[in-house]
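Trainee: here is the input, now give the coordinates:
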Amino acid sequence: MTRKERTLVLFLRFNAVVLLTALVPAVMPLGWMAAIHRALGLGELPEGLIVSYLTRSLSAMYAMHGALVYFVSLDVRRYLPVARCLAWLDVVFGGSMLLLDASVGMPILWTVCEGPVVSAIGVTILALARRLDA
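Mentor: The predicted structure is shown next:
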């Protein structure tokens, strides 16, 4: 494995591990979620089945994305087109989240961190993937 491949693999795996931590909120008690929600300054977590469903399913989707990113990192040459696709999805998703966060009035720190960071991860993966072609 070349140094350029190793750099992409390490970045993908770091990203995968961060995403896989979403397994924790997928199974944590709703009371803990409510406490975290308050601690973030977001007020009281609304009650209802849909809130529990959406918080857990979204966390599970992030973790599933992390598992896929990790799988891609196992053979970056073979799965380079998939890595690029995931990277472009990150760029678009990050931009969408920035617009969504701003439009619903999320706290400014949340708004400037979530979407832009996701997009930056995508741009970084694209740049590292491009280096493999050179």
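Trainee: when you work out contacts or count neighbours from here on, use the C-alpha atoms and nothing else.
Mentor: Will do.
Trainee: centroid residue for this protein?
Mentor: In the chain, the residue lying closest to the centroid (C-alpha atoms, centre = their mean) is L19, at 5.4 Å.
Trainee: tell me the pLDDT of that residue.
Mentor: Note on L19: pLDDT of 97.
Trainee: and M28, by the same measure?
Mentor: pLDDT for M28: 94.
Trainee: OK, contacts around it?
Mentor: Not one residue lies near M28 by C-alpha atoms under 8 Å, 6 or more residues apart in numbering.
Trainee: use 8 as the first number from now on
Mentor: In the new numbering, first residue 8, that becomes M35.
Trainee: backbone dihedrals for it, please?
Mentor: Dihedral pair for M35: phi -70, psi 150, per degrees, to the nearest 10.
Trainee: how near is it to A42?
Mentor: 11 Å (C-alpha to C-alpha, to the nearest Å).
Trainee: repeat for A29
Mentor: Separation of A29 from A42 (C-alpha to C-alpha) stands at 17 Å.
Trainee: so where do the helices sit in this structure?
Mentor: Assigned by DSSP state H, the helices in the chain fall at 10-27, 30-34, 37-46, 56-80, 87-111, 115-140.
Trainee: follow-up on the earlier one: spit out the contact partners of the spatially closest residue to the residue nearest to the centre of the chain that is not a sequence neighbour.
Mentor: Spatial nearest neighbour of L26, chain neighbours left out: G73 (4.7 Å); criterion: C-alpha to C-alpha, 6 or more residues apart in numbering. By C-alpha under 8 Å, 6+ apart, G73 lies in contact with 22-27.
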